[in-house]
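A.B. asks: just coords:
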Ligand SMILES: [Zn+2]
């Protein structure tokens, strides 16, 4: 390790600056969404089996709720524009805008060149958790998704029920395409209910037993027409490990609710990002 310069302490003492102050982000009308949700009716539900994934569709202006049932379980969520799969959830930019974990009032943003809200969180029954003494919190946008490639890299295993493969199979079935085609659409997830952080001493990504219990839920308002896929992670509550069949795993419930006619008033689905895409030429 190189010797520290004489002014090392002073350099370290510089106060941080928030990269993306988000006061100018368009603010979701949570009061409208919640009032609309009061009169909304359930139109669909999907039960995601343990160590599997399932797809669901939510029209713009509808709601979807992910609920823990039977036992503590985390879920890996992918979202696409239902009409254009090239527009998909952008975990990294969501993290840059809102922080490492998301909760009520925060949004899931889409990839370039679209960069618009895909969904807004309107209710989070784990919103009480905050940030614990280890720096852990729930619903992260820092993990990628458990996948068979990293498992193979680290342990030489061939394990097929990682979230990446679960999402790939579910999407292939939903679209009627090959696994190879479907896999290219699978992307970094929102880790629903997962409790994660970075260790303070080494900066390593950690997980710990999720505080989720049956009945806990995370609910979203769909800002655009969505195709979603949710995997019930083979890590279960992620208290010990993933990429194996040893953890206790439980199903997850996805419910879709449609607003009453006219309840959203003059609400409009957000437009694509306004950058002109000329890139200086
Ligand atoms: Zn997983």
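C.D. replies: Yep, it's here. Since we're looking at a predicted model, the values are computed, not measured.
A.B. asks: for the rest of this, base every contact and every neighbour count on C-alpha atoms.
C.D. replies: OK.
A.B. asks: residues contacting the spatially most central residue of the chain?
C.D. replies: Centroid-nearest residue in the chain: residue 190, 1.6 Å away (criterion: CA atoms, centre = their mean). Residues counted as contacts of residue 190 (CA atoms under 8 Å, 6 or more residues apart in numbering) are 76, 77, 78, 91, 139, 140, 141.
A.B. asks: cool, and residue 196?
C.D. replies: 135, 136, 137, 138, 140, 205, 206, 207, 208.
A.B. asks: now, among the residues you listed, which is nearest to residue 100?
C.D. replies: residue 140 (5.7 Å; CA to CA).
A.B. asks: what residues are up against residue 42?
C.D. replies: Residue 42 makes contact with 255, 256, 257, 258, according to CA under 8 Å, 6+ apart.
A.B. asks: switch the cut-off to 6 Å
C.D. replies: 256, 257 (CA atoms under 6 Å, 6 or more residues apart in numbering).
A.B. asks: which helix or strand contains it?
C.D. replies: Using DSSP states H and E, residue 42 falls within strand 41-48.
A.B. asks: quick one: contacts for the residue in the stretch 1-150 of the chain positioned nearest to the ion?
C.D. replies: The ion sits closest to residue 146 of the stretch 1-150 of the chain, with a gap of 4.2 Å, by CA to the ion. The contact partners of residue 146, by CA under 6 Å, 6+ apart, come to 162, 163.
A.B. asks: can you list the residues of the stretch 151-281 of the chain near the ion?
C.D. replies: 163, 233 (CA under 5 Å from the ion).
A.B. asks: switch the cut-off to 6 Å
C.D. replies: Listed as neighbours of the ion in the stretch 151-281 of the chain under the rule CA under 6 Å from the ion: 162, 163, 233, 234.
A.B. asks: show me where the protein has its strands.
C.D. replies: 41-48, 53-58, 63-68, 75-81, 84-88, 107-109, 117-124, 137-140, 190-198, 205-208, 217-222, 226-232, 252-258 (DSSP state E).
A.B. asks: worst average pLDDT in those?
C.D. replies: Note on these: lowest mean pLDDT is at strand 205-208, with a mean of 93.
A.B. asks: what sits against the residue of the stretch 101-250 of the chain found nearest the ion?
C.D. replies: With CA to the ion as the measure, residue 233 is the residue of the stretch 101-250 of the chain nearest to the ion, at 3.8 Å. Residue 233 makes contact with 51, 74, 75, 163 under the criterion CA under 6 Å, 6+ apart.
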